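Novice: Sequence and predicted structure, then a few things I'm wondering about:
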Amino acid sequence: MQSIHPVQVVAVTSGKGGVGKSTVAVNLALALNDLRRRVVLFDAALEMANVDLLLGLTVERTLADVLVGRCELKDVLLVGPGGVRIVPSALGVQGIRRFTVGEYAGLIQAFSDIGEDVDVLVVDTASGLGEDMVCFARAAQEVLVVLCDEPTSIMDAYELIKLLGRDYGVSRFRVLANMVAGSQEGRNLFARLVGLTDHFLAVTLQYAGAVPYDESLRKAVQKQRAVYEAFPRAKSAQAFRALAARIDEWPLPANPRGHLEFFVERLIRSTRAAAAG
Ligand SMILES: Nc1ncnc2c1ncn2[C@@H]1O[C@H](COP(=O)(O)OP(=O)(O)OP(=O)(O)O)[C@@H](O)[C@H]1O
């Protein structure tokens, strides 16, 4: 049965690794969960399965087990802090690309089975400009680009937006500045990026806010915990709370294509297109 429930899919991306993409995805998922949104966090970072490590969780089964019929998607989901559900990595889109038609259908079915029970799907995409990231970003309704105050990070974010905008028709991006020294730094970073995109690309960027550089976040990572849960009063945790509150205001997909299985269908279509191209 197809779900009729709109699901907001937010793909968290970055032009390159190390800017805090996985950290943002994890803490954002926890903060949205606190707002009583029913959240699933999908670790789609193929080469580096981060989410389970960041949260100190052990992966026993993956999507591959679902597709060969060994279990259902709900059996694969890890349960993180506050009850956030996590689809662990270990399979990735490279795996999806090898699937048969029957397995594609199984994947859609697997997600539609939990679709009624999800408000937000946060996708931690692979870093860089690879096909995996492109497929997830194209399939999502919201692409959240994380960058930090390094010249390479701004250029990498620009290249990511250029690739998705020019070659794949993604026209709207949300931008989050991470590891900033103050809120003005976040706005300045955004302005620099807009300066580039306005000049060269036909895309719209919207500022999603900033997360400060925070030693508490590093301490939490060492404990394999999310700062949002380990140090809820830390300045970065507060920033994630504020970010979640803003995302909560973002419009929900109004059309029937906003359902979870359509996300998976779009994902598979763009994966096939990437494989064919
Ligand atoms: N706001 C912050 N303050 C301090 N440290 C941070 C902050 N955000 C992220 N970090 C640290 O930066 C490092 C990189 O973070 P993370 O692994 O989330 O990046 P990433 O962009 O997902 O990288 P990759 O794709 O390579 O895994 C980690 O050590 C993380 O603890």
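Specialist: Perfect, thanks for sending it.
Novice: For the stretch 51-200 of the chain, what lies in contact range of the ligand?
Specialist: Contacts of the stretch 51-200 of the chain with the ligand, taken as Cβ under 6 Å from any ligand atom, map to Ser127, Asn178, Met179. Where C-beta positions appear, they are placed from N, C-alpha and C, glycine not excepted.
Novice: go again using 5 Å as the cut-off
Specialist: Residues of the stretch 51-200 of the chain lying close to the ligand (Cβ under 5 Å from any ligand atom) are Ser127, Met179.
Novice: ok, Val24 - contacts?
Specialist: If a contact means Cβ atoms under 8 Å, 6 or more residues apart in numbering, then Val24 has Val12, Leu144, Val146, Leu176, Asn178, Val211, Phe240 as its contacts.
Novice: tell me the pLDDT at the second one?
Specialist: The reference is to Leu144. Leu144 carries a pLDDT value of 97.
Novice: Phi and psi next, for Ala208.
Specialist: In this entry, Ala208 is assigned phi and psi values of phi -100, psi -10 (degrees, to the nearest 10).
Novice: before we move on, what SS does whichever residue of the chain sits closest to the ligand have?
Specialist: Of the residues in the chain, the one nearest the ligand is Gly17, at a distance of 2.5 Å by Cβ to the nearest ligand atom. When classified by DSSP: H, G, I helix; E, B strand; the rest coil, Gly17 comes out as coil.
Novice: Would you state the helices of the stretch 1-150 of the chain in chain order?
Specialist: In the stretch 1-150 of the chain, helices defined by DSSP state H, counting those that start in this stretch lie at 21-34, 51-54, 63-67, 73-76, 92-97, 101-115, 131-139, listed in chain order.
Novice: now the stretch 151-277 of the chain
Specialist: Under the criterion DSSP H, counting those that start in this stretch, the stretch 151-277 of the chain carries helices at the ranges 151-162, 168, 183-200, 215-222, 227-230, 235-249, 260-276.
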